[in-house]
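Peer 1: Structural data only, the sequence is not supplied:
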């Protein structure tokens, strides 16, 4: 019996079902809040929830959780497209793996995002003004979905079919290029 199976037997009842929906609803609420008050001085909601390691160390601990609700973009069309794709992939992985394993996967990605944010902050103090992102967490959902469903087909511009395995391969190549050729 694997470690995850034993943990699932012991703690599986505490798993949060529909975690993808919770994340999307939080992002939609933050998106709408920001759009309702875009120009008021002193009220930039997204700046209040973004994860800045120096501000977390200064006592604003909520930022370590709320950065997960930072919407992917401020453009409505791209945000809706992102939420649709994230819902499709996240709920499919949750059904495939089960709620507990999906929660563990997201928890490990979340902890990795926090650790990397603080690692970069301590290694490069000059980057203190840069917020941490949950983009790699959502990217890992994309890659996991591509791993389990490689023949899933997206239609780019609703016309051009492309299998997700090729999108994932191009994403991995792009990450490799960015890391090795800075």
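Peer 2: Thanks, I have the structure now. Keep in mind it's a predicted model, so treat the numbers as computed, not measured. Residues are numbered from 1 along each chain as shown.
Peer 1: Do you have the strands of this protein handy? List them.
Peer 2: 153-156, 160-163 (DSSP state E).
Peer 1: Against which helices or strands is the longest helix belonging to the chain packed?
Peer 2: The longest helix of the chain (DSSP state H) is helix 99-123. Contact analysis of helix 99-123 by 3 or more C-beta pairs under 8 Å, 6 or more residues apart in numbering; DSSP states H and E lists helix 3-11, helix 19-36, helix 53-57, helix 76-97, helix 135-148 as its packing neighbours. Where you see a C-beta, it was placed from the backbone N, CA and C, and this is true even at glycine.
Peer 1: Now the lowest-mean-pLDDT helix or strand in the chain: buried residues?
Peer 2: Ranked by mean pLDDT, DSSP states H and E, the weakest helix or strand in the chain is helix 45-49, scoring a mean of 87. Within helix 45-49, the residues that count as buried by 16 or more other C-beta atoms under 10 Å are 45-46, 49.
Peer 1: Can you tell me which of these is nearest residue 79?
Peer 2: When these are compared for distance to residue 79 (C-beta to C-beta), residue 46 wins out at 12.3 Å.
Peer 1: Next up, the contacts around the residue nearest to that closest one when sequence neighbours are not counted.
Peer 2: Counting by C-beta to C-beta, 6 or more residues apart in numbering, residue 46 lies nearest to residue 34, which is 5.3 Å off, once chain neighbours are set aside. If a contact means C-beta atoms under 8 Å, 6 or more residues apart in numbering, then residue 34 has 44-46, 71, 74 as its contacts.
Peer 1: Now those residues in CSV, please, with extra columns for distance to residue 98.
Peer 2: Listed next are the contacts of residue 34 as CSV, based on distance: C-beta to C-beta, whole Å:
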residue, distance to residue 98
44, 39
45, 34
46, 33
71, 28
74, 35
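Peer 1: got any ranges where this structure has weak pLDDT?
Peer 2: Residue ranges of the chain with pLDDT under 70: 38-43, 126-128.
Peer 1: Next, the contact list for the residue nearest the centre of it, please.
Peer 2: What sits nearest the mean C-alpha location of the chain, by C-alpha atoms, centre = their mean, is residue 138, with 3.2 Å. Neighbour list for residue 138: 72, 86 [criterion: C-beta under 8 Å, 6+ apart].
Peer 1: can you tell me how far it sits from residue 82?
Peer 2: Separation of residue 138 from residue 82 (C-beta to C-beta, to the nearest Å): 8 Å.
Peer 1: Then residue 174?
Peer 2: According to C-beta to C-beta, residue 174 stands 17 Å off from residue 82.
Peer 1: now do residue 89
Peer 2: 11 Å.
Peer 1: okay, the two: which has more neighbours?
Peer 2: residue 89 (22 against 17; other C-beta atoms under 10 Å).
Peer 1: thinking again about what came up before, tell me, what's touching residue 138 and residue 82 both at once?
Peer 2: Joint contacts of residue 138 and residue 82 (C-beta under 8 Å, 6+ apart) are residue 72.
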